[in-house]
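[1] Prediction below, plus the sequence it came from.
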Amino acid sequence: MSLPAAGLSRQHRAWVALYSLQTSFLSRRDVLAQNNVTEADLAAHTPGWLRLQERIALRRR
């Protein structure tokens, strides 16, 4: 497990991966490997990540 993924729950690792996919130039495969998550993990945790992004956007208004 890489440094970013160390000690985090699967949900938080998926959220970090989703953020990385949105903001980095790394390949999807590399992001998943780096955060020790699968496509299924991303699918399971995307709804929560989207809710988090909505809350953040609302605070910025």
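    Right, received. Where do you want to start?
[2] Touching, Val37 and Trp15? I think so.
    No: using CB atoms under 8 Å, Val37 is not in contact with Trp15; the gap is 9.5 Å. Placement of C-beta: from N, CA and C, glycine included.
[3] who's more crowded, those two?
    Shown here are Val37 and Trp15; by other CB atoms under 10 Å, Val37 has more neighbours (24 against 21).
[4] give me phi/psi at that one?
    As for Val37, its main-chain torsions (degrees, to the nearest 10) stand at phi -130, psi 160.
[5] what about it, distance to Gly48?
    13 Å (CB to CB, to the nearest Å).
[6] what about the residue nearest in space to the middle of the chain, helix or strand, and which?
    The C-alpha lying nearest the average C-alpha coordinate of the chain belongs to Trp15 (CA atoms, centre = their mean; 2.5 Å). Element membership for Trp15, per DSSP states H and E: helix 10-23.
[7] and if you look at Thr46?
    Using DSSP H and E, Thr46 maps to helix 39-59.
[8] what's the burial count for Glu39?
    9.
[9] Please name every helix or strand in contact with the helix or strand hosting Arg29.
    Secondary-structure assignment from DSSP H and E places Arg29 in helix 28-35. The helices and strands touching helix 28-35, judged by 3 or more CB pairs under 8 Å, 6 or more residues apart in numbering; DSSP states H and E, are helix 10-23.
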